[in-house]
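[1] Let's see this in three dimensions:
(chains A and B)
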There are 2 protein chains.
Amino acid sequence: MGGTQRLVVVGGDAAGMSAASQARRLKGPAELEIVAFERSHFTSYSACGIPYWIGGGVPRRDDLIARSPEEHRARGIDLRMRTEVVELDLGGQRVRSRDLESGAEAWTGFDQLVLATGARPLRPRLPGIGAAGVHGVQTLDDGQRLLDTLERTAGRRAVVVGAGYIGVEMAEALVERGYEVTVLHRGEQPMATLDPDMGGLVHSAMNAMGIVTVAGAEVTRVLTDEEGRARGVATAKGEEYPADVVVLGIGVEPRTALARAAGLPLGTSGGLLTDLAMRVRGYENVWAGGDCVEVLDLVAGRDRYVPLGTHANKHGQVIGSGVGGGYATFPGVVGTAVSKVCSLEIARTGLREKDALAVGLRFVTSTIVSTNTAGYYPGAEPMTVKMMAERRTGRLLGVQIVGGAGAAKRVDIAAVALTAGMTVEQVAALDLGYAPPFSPVWDPVQVAARKAVTAVRAAGV
Amino acid sequence: MGGTQRLVVVGGDAAGMSAASQARRLKGPAELEIVAFERSHFTSYSACGIPYWIGGGVPRRDDLIARSPEEHRARGIDLRMRTEVVELDLGGQRVRSRDLESGAEAWTGFDQLVLATGARPLRPRLPGIGAAGVHGVQTLDDGQRLLDTLERTAGRRAVVVGAGYIGVEMAEALVERGYEVTVLHRGEQPMATLDPDMGGLVHSAMNAMGIVTVAGAEVTRVLTDEEGRARGVATAKGEEYPADVVVLGIGVEPRTALARAAGLPLGTSGGLLTDLAMRVRGYENVWAGGDCVEVLDLVAGRDRYVPLGTHANKHGQVIGSGVGGGYATFPGVVGTAVSKVCSLEIARTGLREKDALAVGLRFVTSTIVSTNTAGYYPGAEPMTVKMMAERRTGRLLGVQIVGGAGAAKRVDIAAVALTAGMTVEQVAALDLGYAPPFSPVWDPVQVAARKAVTAVRAAGV
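    Sure thing, here's the model as predicted:
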């Protein structure tokens, strides 16, 4: 025992570098050497901010970088950029890395290992998917390539494939840049993270903003011109959508090939499984966090894949505390997510109807339309709130909100109430902030809760 | 038993008419006769909206009226306007009322009685306080009189006495109308509902908006001209502040003279004391709600006077359910209040430092400055969050927020967490809505919570 221990961190974005920074706060270099490997050119940046950089609201790429490699090094972290870890030798407590510039490989031993390998974009294997003018928006490099294409392209027709968070945010970004935007999505409604009735509100609002949405669209091929550049996409129904640029916004999956090869436990989504302190299950000295892990869904009572920057940062904080000899846990998530498309705010937390059915919960729902401010306050905008409660117990199970300013963050009321296990009757009685510029006298979430209370009673036992 | 029972409601604003409406929903006229007495010309209006009507944002007085006397009557409520109840005969189960137009008096019997007599503005007995040009803003009639004065007055100097919610909202309203506004207040800082350090931020922001604030100002006299019109105010320090209009924004007290005369139980503030179903303590058939009652402060563990429209509406709902044969309770408040002065949002929930000391709680505090959106998102505005946690246990005790757009309603996160009895460590782990347009990756409330966790640990046991 004694002497300097070494922490190796694989992946230098939110989870990995938060873990490294927190561990460094707790232990100085004499106690803990920290080596971090990052494949790309960047550390600690906000991937969630990329749509706003593309849209032009955020002027510079570097605005999205929270902390540069130099800043990390100045805090005593041995950060190796453009270096990819290609093998984990857990028995030997070492990792093999490759310098992506020189190709040189080396083994590095560890006492503690943090896996923060993140996610990778889903890219369907379709004819033409690799053509010029087809772009993902997962990394800063992706974003820069898309911006280069937009600058070089005279045409103004954009097709976005996918209508989840990335899809609708990219639709907004392209509208901001003056494109005619068509969004193709497979489901019945955009925002499949909402129930279809609430997704329908997003659909209508997007159409009113001039964004064309096409439901049930299975893209089968990217059409290319003689030079091999994308000129549109074709769907399974045989329809063709011309495009000067194609943006893929179809989600991500955990990047866990290394973990799988090393025999680490993975969940149904392929994400790493950890305990509450973010240790990989069954491993005393291997930790994992961020977009490569599954997390406990506190409402559904099972693990789920929820890649989100805010969770990644929390994971890093928890891991860094543990590695640094402290104590912290990540108790789980309730499934909160917020987004917007132009002026329409979109939020959800807890379970959708199909999630509840999938885990055996019986429920009632209530949907109400209210306003973000007192109805008479100038500029009041409509807000639709859907609430789900468990039958018999009245326990809150989920909330979805679509509406004007203030709709998105209102979901936090429900997120806290879900975490606390409150009933809809308790939600209806909460002491929430009221003043005419901020809320009707009954907050819209409470109007929905009152209606849910009635629905619970009507449903009986 | 059997036959029609009679419910008498004293006071026709939020609590009274909500109670009447809810009772009517549950019981038809054959079962329950409802008689409601209201002194003024209006029912069910938003007193909280008056500053925005004065400021011009809300164009018409009637926009503030949620339901007119005619609408109530159409729902089977025998509503007697301009009729004041002047005596309660609880033993005889009857009330004596006076028609304020004719002076005629009459007794009306009841089976159930609801007291919703509201609040009355504090009006210090000072020389000149009754002069023309001195205005309260408690009722619609008050608001109309103030608007009439503003229209008749050429001068552009306004003095607002008091810097609580009404005071700062009226300062904003008068700024909107082009007045030079001076706010005189007795305390160290404006917004005494905040701790002085947070009130200091309001002070600075108001000054930056061109509003003059004067601390430690005890108004002793309204100065009048030869015609008896207000021309300014004088303070105990001998200073004089010229004014073309004087607005009193110094709070309210429960209007409970009738209740006191009838021997009903009152708290230290003079507000009626009720049980959780909003029955007056010790009385099976007398209910009370709204600005004439005290409510249980769930954090302090004692009754407190918190006049607020949102509570009044909830009380009415609970009383109406009880009177109508249903069951509901009002569990209490955590002390949430939000406001704004021009673009500055102000929010609080839970206890201030002095409240905690007064009830024997030992605590630590943390104060942080963050932003309302991701720091790089266009238009990001600063937000200061102060959090208080109990020593040793880390239980959340209170939160105060001052900042730009989104600051006010963020306090709801803490309001729910307080209700649930969460620790600051639990608050730091909450799954709150994150996307760059809505929050930094750590919500400001959670940044404060993390710092509070550290403070709790540092304070030891």
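[2] For the residue positioned nearest the centre of chain A, give me its contacts.
    When CA atoms, centre = their mean is applied to chain A, the residue found nearest the centroid is A:Leu308 (3.2 Å). Applying CB atoms under 8 Å, 6 or more residues apart in numbering or on different chains to A:Leu308 gives the contacts A:291, A:337, B:434. (Each C-beta comes from the backbone N, C-alpha and C, glycine too.)
[3] Let me know the pLDDT of it.
    Listed pLDDT for A:Leu308 reads 95.
[4] among the contacts of A:Leu308, who's most crowded?
    A:Asp291 (29 neighbours; other CB atoms under 10 Å in any protein chain shown).
[5] So that one sits against A:Leu115, correct?
    No - counting by CB atoms under 8 Å, A:Asp291 does not reach A:Leu115; the two are 11.1 Å apart.
[6] what residues does the stretch 351-461 of chain A put near chain B?
    Within the stretch 351-461 of chain A, the positions near chain B by CB under 8 Å from any CB of the partner chain are A:374, A:376-378, A:406, A:408-413, A:415-417, A:419-420, A:422, A:426, A:429-439, A:441-443, A:450.
[7] May I see the ChimeraX selection of the buried members of the residues you listed?
    Filtering these down to the buried ones (16 or more other CB atoms under 10 Å in any protein chain shown) takes a single ChimeraX command:
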select /A:374,376,377,406,408,409,410,411,412,413,415,416,417,419,420,422,426,429,430,431,432,433,434,435,436,437,438,439,441,442,443,450
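[8] Now, the residues of the stretch 351-461 of chain A next to chain B that are in helices?
    A:411-413, A:415-417, A:419, A:426, A:450 (DSSP state H).
[9] Find the pair from these with maximum spatial separation.
    Spatially, the most separated pair among those is A:Thr419 and A:Arg450, at 21.3 Å (CB to CB).
[10] if I pick A:Gly162, what's in contact with it?
    Contact analysis of A:Gly162 by CB under 8 Å, 6+ apart lists A:183-185, A:248-251.
[11] The helix or strand harbouring A:Gln400 packs against which elements?
    Assessed by DSSP states H and E, A:Gln400 sits inside strand A:396-403. Helices and strands touching strand A:396-403, by 3 or more CB pairs under 8 Å, 6 or more residues apart in numbering or on different chains; DSSP states H and E, are helix A:196-208, strand A:344-350, helix A:353-358, strand A:382-390, helix A:411-419, helix A:444-459.
[12] Specify the beta-bridge partners of A:Val364.
    Beta-bridge partners of A:Val364, counted by DSSP bridges, are A:Ala389.
[13] Which strands or helices does the host helix or strand of A:Val233 pack on?
    Assessed by DSSP H and E, A:Val233 sits inside strand A:230-235. Judged by 3+ CB pairs under 8 Å, 6+ apart, strand A:230-235 is in contact with strand A:157-161, strand A:219-224, strand A:240-242, strand A:245-248.
[14] which parts of the longest one are buried?
    If I follow you right, that is strand A:219-224. Within strand A:219-224, the residues that qualify as buried are A:219, A:222-224, counting by 16+ other CB under 10 Å.
[15] now those as JSON lines including pLDDT and distance to chain B?
    Formatted as JSON lines, these follow (pLDDT from 0 to 100; distance: CB to the nearest CB, whole Å):
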{"residue": "A:Val219", "pLDDT": "97", "distance to chain B": "26"}
{"residue": "A:Val222", "pLDDT": "97", "distance to chain B": "29"}
{"residue": "A:Leu223", "pLDDT": "97", "distance to chain B": "33"}
{"residue": "A:Thr224", "pLDDT": "97", "distance to chain B": "34"}
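[16] and the two most separated of those residues?
    It's A:Val219 and A:Thr224 that sit farthest apart of the buried residues of strand A:219-224, by CB to CB, at 13.9 Å.
[17] So chain A: which segments form each domain?
    For chain A, automatic domain parsing gives the domain ranges A:5-47+A:60-118+A:253-323, A:123-250, A:337-459.
[18] so of these, which one's packed in deepest?
    domain A:337-459 (a mean of 22; mean count of other CB atoms under 10 Å in any protein chain shown).
[19] do the lowest-mean-pLDDT helix or strand in chain A and chain B meet at all?
    Using mean pLDDT, DSSP states H and E, the weakest-scoring helix or strand in chain A turns out to be strand A:119-121, at a mean of 91. No - for a cut-off given as CB under 8 Å from any CB, strand A:119-121 has no contacts with chain B; the smallest distance is 15.9 Å.
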